[in-house]
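Trainee: just the structure for this:
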Amino acid sequence: VVILSLLMYPVLRSLALQLHSAVTGSYVSGAHSIAFINCLNEQIAKDIARAILDKKLAAYVNILPKSLALYFWKGELEESTEILLLVKTRTSKIGELSNYVRSIHPFEIPEIISLPIDQGNPLYLKWIEESVPQD
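Mentor: Got it, this is the predicted structure:
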């Protein structure tokens, strides 16, 4: 029963959030997220952004210009330039988005992290919902 409860938690939480939002007409914090994905260059960033949008895993993707990245990789200090994607989607899609990006990303371990959206323009958040289908 405990294992089943843990497995069902994301689904039940999503349904509860939808019901609360529908009944009260208010935004439930965390129903949407922004995912951050780093890419090696602009072409890869565009390809990944288009693929994400084609699969309707996001409503909107910003491609930010080059940034300098410093990090340890396999025990060595590395320095590179990267392009950052800001992906706006439903929080319920983050797992699927992450799995899909890992399957198409050229990095051995791509950076895919997300933060929940606490508040925002209600019309914009509604547009995200309309653009990214619920399962």
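Trainee: element containing the residue nearest the centre of the chain?
Mentor: Centroid-nearest residue in the chain, with Cα atoms, centre = their mean: Ala35, separated by 3.4 Å. Under the criterion of DSSP states H and E, Ala35 resides in strand 32-39.
Trainee: so what does that strand touch, helix or strand wise?
Mentor: helix 42-54, strand 76-90, helix 94-104, strand 112-116, helix 122-131 (3 or more Cβ pairs under 8 Å, 6 or more residues apart in numbering; DSSP states H and E). In short, each C-beta sits where N, CA and C put it, glycine included.
Trainee: with mean pLDDT and distance to Lys66 added, can I get the ones you listed in CSV?
Mentor: Formatted as CSV, the entries for the helices and strands packed on strand 32-39 read as follows, by pLDDT from 0 to 100; distance: least, Cβ to Cβ, whole Å:
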stretch, mean pLDDT, distance to Lys66
helix 42-54, 98, 8
strand 76-90, 97, 5
helix 94-104, 98, 20
strand 112-116, 97, 19
helix 122-131, 94, 27
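Trainee: now the ones you listed in TSV, with mean neighbour count and distance to Tyr60?
Mentor: TSV is the format used below for those (neighbours: other Cβ atoms under 10 Å; distance: least, Cβ to Cβ, whole Å):
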stretch	mean neighbour count	distance to Tyr60
helix 42-54	16	8
strand 76-90	16	4
helix 94-104	15	13
strand 112-116	15	14
helix 122-131	14	7
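Trainee: among the ones you listed, which is nearest Leu68?
Mentor: For Leu68, the closest of the helices and strands packed on strand 32-39 is strand 76-90, at 6.1 Å, according to Cβ to Cβ.
Trainee: show the contacting residues for Ile128.
Mentor: Residues counted as contacts of Ile128 (Cβ atoms under 8 Å, 6 or more residues apart in numbering) are 32, 59-60, 88-90.
Trainee: mind picking the two most distant members of those residues?
Mentor: Going by Cβ to Cβ, the two entries of those that are most distant from one another are Tyr60 and Arg90, at 12.0 Å.
Trainee: residue contacts, Ile52?
Mentor: Taking Cβ under 8 Å, 6+ apart as the definition, contacts of Ile52 comprise 58, 61, 87, 97, 100-101.
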